[in-house]
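In: Quick one, fold the following:
(one chain, ligands or ions: 2)
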Amino acid sequence: MESGKSQKDLFEDLFSKALQSRIFINRELLSPDYVPQTLPFREEQLAKLASILSVSLKNERPNNVFIYGLTGTGKTAAVKLVFKKLKEKADEIKANVVAVYVNTRQKDTEYRVLAEVLDSLGVKVPFTGLSVSELYNRLFKAVQNKGSITIVALDEIDYLVKKHGDDLLYRLLRMNSELQRGKITIVGITNDLKLIDSLDPRVKSSLGEEEIVFPPYDAEQLKKILEERARLAFREGALSPEVIPLCAALAAREHGDARKALDLLRTAGEIAERNNDEKVETRHVEMARNQLEHDTVEAIVSTLPLHSKLILLATLKIIEEKGKATTGEVYSKYLDLVKKLGIEYITSRRATDIISELDMLGILDARVTSRGRYGKTKTITLQTSKEAVLKALLKDELIGAVINE
Ligand SMILES: Nc1ncnc2c1ncn2[C@@H]1O[C@H](COP(=O)(O)OP(=O)(O)OP(=O)(O)O)[C@@H](O)[C@H]1O
Ligand SMILES: [Mg+2]
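Out: Ligands and ions are numbered 1, 2, ... in the order given. Okay, the predicted model is just below:
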């Protein structure tokens, strides 16, 4: 009994401590998944999307919409907000509208996307087992029987298209010509502007009946966005006045990404809270920036294929010795490592490609410094924190075996 009681006290203490945050009133409001009720500087995009989709309330098929803009420009938040409002109105006036949002990076097969859409039409299908064409049949029947205007938002469609091609888009878009009752409208969302070119011309023209562009935010706009969110998320006086402008300026430098700005602000608050500091100050933002960069580097490095990791490790070792590395030095160090591991090795040409990939990912910086008879020589330095790279590399057992070679 005694221990039961002390445990209860323990929880009580923990919870009341959590409730007594000096910094936050409601941290949730800063989480990346939270959909705010208003989106400043997106009035035009919200109005355009809402007006395109509003004809569904009169039982007409809205045009398909293609939405694009760089990461963190509010595309997902805007679509979710418009869907919410549209559904509320449809419920109110009993319009036969179904609006379903699917993130195709998470639901990353045709099967899973279709199952999700079917689910919103009230048709349950098993996780696996049916053929994809059976799912198309069931979807066709469901829309036909219900007679609903079915609006399907497919977010991050570049993931789906890269993995499985544009078959899903093609087949969904074509279904309308055979439906007698009910219609399907697609809202395609992406931050990959190159995607458009890779689509089948028919898909391209039909998906692009309407286009909405989300431009990046500038520092001033990010500041206002953060202020709005901070007002409800932080205690009064918990933020020093320089904090929001700094987060906004840092995120504006990285192509006006509101997610980045919010991540910085939230993480700075969390660090201040963890340190029991009274206020969030610019130093906490600096720490947040470091931590976030570490997290990103770790996430990128830990998902690299083995040989890319080995190339990276070889590069780190040379840089450690000499301050910088050349492609030739890296390849020969790499060969030492694979020999120790007793595994197959890749060609030096492939190694050079990997170095370029690591450059594009922002991990290494590789510049052509001379062109000789044996091709170009690149000088390589590290673009990111060595600690973060090493930490991520060490998670791989094979790498762990040769890290001290
Ligand atoms: N105008 C805005 N006002 C308030 N918050 C915003 C605004 N624009 C974006 N946000 C917030 O910024 C974060 C990123 O926005 P969102 O997820 O909509 O970006 P996105 O354009 O979908 O990016 P991605 O292409 O990476 O998916 C979210 O937390 C969102 O709530
Ligand atoms: Mg998004």
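
In: what's the domain layout of the protein?
Out: 2-31+219-300, 43-214, 304-402 (automatic domain parsing).

In: Whichever strand or helix holds L292 - contacts with which helices or strands?
Out: For L292, the element it lies in under DSSP states H and E is helix 282-302. Here helix 282-302 touches helix 243-253, helix 258-274, helix 386-394, going by 3 or more C-beta pairs under 8 Å, 6 or more residues apart in numbering; DSSP states H and E. Glycine gets a C-beta too; all of them are placed from N, C-alpha and C.

In: of those helices, which approaches T327 most closely?
Out: helix 386-394 (18.4 Å; C-beta to C-beta).

In: who's in contact with K324?
Out: 318, 379-381 (C-beta atoms under 8 Å, 6 or more residues apart in numbering).

In: Turn the buried ones among these into a named PyMOL selection, would you?
Out: The buried subset of these, as determined by 16 or more other C-beta atoms under 10 Å, is captured in PyMOL by this line:
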select buried, resi 318+380
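
In: Including pLDDT, could the contacts of K324 go into a markdown table?
Out: Shown next, in a markdown table, are these (pLDDT from 0 to 100):
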| residue | pLDDT |
| --- | --- |
| I318 | 95 |
| T379 | 91 |
| I380 | 94 |
| T381 | 93 |
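
In: Where does pLDDT dip in the protein?
Out: Scanning the chain for pLDDT under 70 picks out the ranges 1-5, 17-19, 371-375.

In: CA atoms only: put stretch 208-226 into PDB for me.
Out: Coordinates of each C-alpha in stretch 208-226 appear next as PDB, following Å, rounded to 0.1, in the frame of the first residue of the first chain:
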ATOM      1  CA  GLY A 208      -4.300  21.100 -63.800                       C
ATOM      2  CA  GLU A 209      -7.900  22.300 -64.600                       C
ATOM      3  CA  GLU A 210      -7.200  24.700 -61.800                       C
ATOM      4  CA  GLU A 211      -3.900  25.600 -60.300                       C
ATOM      5  CA  ILE A 212      -3.100  27.300 -57.000                       C
ATOM      6  CA  VAL A 213       0.400  28.400 -56.100                       C
ATOM      7  CA  PHE A 214       1.700  28.900 -52.600                       C
ATOM      8  CA  PRO A 215       4.600  31.300 -52.600                       C
ATOM      9  CA  PRO A 216       7.200  31.300 -49.800                       C
ATOM     10  CA  TYR A 217       6.700  33.600 -46.900                       C
ATOM     11  CA  ASP A 218       9.100  36.500 -46.200                       C
ATOM     12  CA  ALA A 219      10.600  37.300 -42.800                       C
ATOM     13  CA  GLU A 220       7.900  39.900 -42.000                       C
ATOM     14  CA  GLN A 221       5.100  37.400 -42.800                       C
ATOM     15  CA  LEU A 222       6.700  34.600 -40.800                       C
ATOM     16  CA  LYS A 223       7.000  37.000 -37.900                       C
ATOM     17  CA  LYS A 224       3.300  37.700 -38.000                       C
ATOM     18  CA  ILE A 225       2.400  34.000 -38.300                       C
ATOM     19  CA  LEU A 226       4.600  33.200 -35.300                       C
END
